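Novice: Could you look at this predicted model? Sequence included:
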Amino acid sequence: MDMPMSRFAARMISQALPMLAAAAFVCLWSHASLAAEEAGPLPQGMAVTVLKAAKSCFSDIVEVSGIIQPRERTAVRPERFGSRVTDILAEPGESVTTGQTLARLSLPEGGTAQVQAPVAGIVLSSSAVIGALASAKGEALFTIIARGEFDLIGTVPTEDIGKLKIDQTARIKIVGAGEFDGKVTGVAPTVEPNSQLGQVTLAINSNPRLLVNSSGRAMIKTRESCGVSVPLTAVLYTNAGTVVQVVRRDRVETRRVEVGLMSGAQIEIRDGLTEGDMVVARAGALLREGDQVRPVLASVDGK
């Protein structure tokens, strides 16, 4: 048979219970604090890669594609009618000097005559055939690329025609020949109605040996602008306008911006950003105005 608990024992138990509860709480709190210290601080918001908006210079480049043509073709014919070709002394592709003999002719009344180059250059073509008649009004015996000068005759879209002006410098790359300096010498006042392309003529400054009708491409810098720039991936095009996402005090801010020129993977920001602003490197719909984030500064290579 159980004995009733004495009043003294009951009093001791009631006094010990609060002390045991406090000791248990302290023990649990100590274990939780130790676990938190081992795990590190809890993250606040999603981690996003950011970079500083920096100043950069951009060039507006107009690209012209076309073919190589002689700047000036000089036709060479004999002065007398009824002459026959007896000797051919120059072939297409050869360089000739002013006054150099290109062919000899026999005159109808007897004697010989010479056909000479009126200008230095490169022989483009020849119709001379031994024994054939040569005429002052017929097909030219020789055609010379005067002074060995070439042009790039190209086309550009309508929106670029207005950017081009006479004497603008260009860098011209010709297939199989390399790169050369050049300048704009002609801009057509009209465009072809079907293609909406306009013709542009560029002089090649040096006198390289080029193949007529070979293809080439020119890059013309029409203007330069310097300002704040960000990667193209940082820009969002929305129904409300063009925006970038800026992180300020660990919060996302959406900024309306005005964009300008592009170069490679960078784009000019003409208005809406200041140099040094922390911009989300890859803007997207997952981030919204006011979201709390953990900004991680991008490395030098942008990764």
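Specialist: Cool, the structure landed.
Novice: what's the helix or strand for S59?
Specialist: Per DSSP states H and E, S59 falls inside strand 54-70.
Novice: now swap in E159 and tell me
Specialist: helix 158-161.
Novice: hmm, who's touching that helix?
Specialist: V62, V187, A188, V191, Q196, L197, G198, V200 (Cβ atoms under 8 Å, 6 or more residues apart in numbering). Placement of C-beta: from N, CA and C, glycine included.
Novice: Return the member of the residues you listed nearest to N239.
Specialist: Among the contacts of helix 158-161, Q196 lies closest to N239 (Cβ to Cβ), at 29.1 Å.
Novice: doesn't T155 make contact with the closest one?
Specialist: No: with contact defined as Cβ atoms under 8 Å, Q196 does not reach T155; the gap is 9.8 Å.
Novice: Pick out whichever of the two has more residues nearby.
Specialist: Using other Cβ atoms under 10 Å as the criterion, Q196 and T155 rank with T155 on top: 18 against 12.
Novice: Provide the backbone phi and psi angles at that one.
Specialist: phi -130, psi 150 (degrees, to the nearest 10).
Novice: ok, it touching L202?
Specialist: No: counting by Cβ under 8 Å, T155 stays clear of L202, with 11.6 Å between them.
Novice: joint contacts of those two?
Specialist: By Cβ under 8 Å, 6+ apart, the residues touching both T155 and L202 are V64.
Novice: before we move on, back to that, could I get the contacts of helix 158-161 as TSV with secondary structure and distance to R217?
Specialist: Shown next, in TSV, are the contacts of helix 158-161 (DSSP: H, G, I helix; E, B strand; the rest coil; distance: Cβ to Cβ, whole Å):
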residue	secondary structure	distance to R217
V62	strand	11
V187	strand	17
A188	strand	18
V191	strand	19
Q196	coil	19
L197	strand	14
G198	strand	16
V200	strand	12
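Novice: okay, now the domains of this structure?
Specialist: Structural domains annotated on the chain: 46-58+225-297, 61-69+148-224, 74-144, as defined by automatic domain parsing.
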